[in-house]
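A.B. asks: please find the sequence and the predicted model below.
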Amino acid sequence: MWLAGWLMAPVSAADAALTDGAADASALIAAGRKTAGFCANYHGQSGLSKYPDVPNLAGQNPAYLLRQLDAFAAGRRRNDFMEGLVKMLSADDRAAVVAYYASLPVTPSRAAPGPGAEAGGRAFAQICAPCHGKDALGGNEFPRLAGQQSEYLRINLMRYLHPTKERSYGPMTAAVMRLGEDKIDAVVDYLSSLDVPRD
Ligand code: HEC
């Protein structure tokens, strides 16, 4: 199973401690379901966000999610609320909650594609697909974008374009510069309506 592969290859010290005792992914997922109670107010117990500017976590790639939790804990990705919350979670809690959300199915945040979806799809195929995959499913450290909340996508693309402590990653800055600020909406229209299964 895809999750087992991830568990066999720990991506950070945070999950290394857990891997020994985690032969059984279903036990890990069950533990993560409980921890997800802390996250459910915003991200939804099913991983489908209740707010357009808060990301869906369902079906997100576990290696990527765990890295983001570690980044919040270390203050490399700034958000007061997330930083406070993540620090309350042990390394085991973090790995479990990531495994839980990663195991859930995704539905697109928008039922119908927005007006720019076609042009956005073309730009995505050219500039973004080499890293995020042709179906925007990502993989390992590349986040899944398919079906993500539109406002969350827009806010984060703007953050990469003008990096601050809230978010910065050089290759993403370069990619959004290549895309151009005026095409951000089109790419968001495309991504938020994608309905592609994870596997
Ligand atoms: C060179 C590889 C690469 C390219 C090209 C690239 N990305 Fe990314 N992208 C990444 C990585 C790695 C991350 C995670 C970075 C981080 O830790 O903040 C990311 C993060 C993101 C995020 C944040 C996702 C989330 O869940 O918070 C969005 C949105 C995104 N990329 C969209 C795009 C779009 C749209 C394009 C094309 C214009 C693109 N990316 C091109 C590698 C890439």
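C.D. replies: Looks like it came in fine. Since the model is a prediction, treat every value here as computed from it, not as a measurement. Residues are numbered from 1 along each chain as shown.
A.B. asks: next one: stretch 109-120 to chain centre, how far?
C.D. replies: Computed by CA atoms, centre = their mean, to the nearest Å, the chain-centroid distance of stretch 109-120 equals 20 Å.
A.B. asks: buried residues in it?
C.D. replies: Within stretch 109-120, the residues that qualify as buried are 109, 110, 113, 114, 116, 117, 120, counting by 16 or more other CB atoms under 10 Å. No exception for glycine: its C-beta is placed from N, CA and C like everyone else's.
A.B. asks: which residues does residue 152 contact?
C.D. replies: Shown in contact with residue 152 (CB atoms under 8 Å, 6 or more residues apart in numbering): 49, 52, 53, 54, 55.
A.B. asks: same check on residue 116?
C.D. replies: Shown in contact with residue 116 (CB under 8 Å, 6+ apart): 183, 185, 186, 187, 188, 189, 190.
A.B. asks: find the nearest non-adjacent residue to it, please.
C.D. replies: Of all residues not flanking residue 116 in the chain, residue 186 sits nearest, at 3.0 Å (CB to CB, 6 or more residues apart in numbering).
A.B. asks: correct me if wrong: the one you found contacts residue 113.
C.D. replies: No: here residue 186 lies out of contact with residue 113, judged by CB atoms under 8 Å, at a distance of 10.3 Å.
A.B. asks: would you list the phi and psi of the nearest residue to residue 62 once chain neighbours are set aside?
C.D. replies: Once flanking residues are discounted, residue 62 sits nearest to residue 102: 4.2 Å by CB to CB, 6+ apart. Taking degrees, to the nearest 10, you get phi -60, psi -30 for the backbone angles of residue 102.
A.B. asks: surely residue 102 meets residue 61?
C.D. replies: Yes: counting by CB under 8 Å, residue 102 does reach residue 61; the two are 6.8 Å apart.
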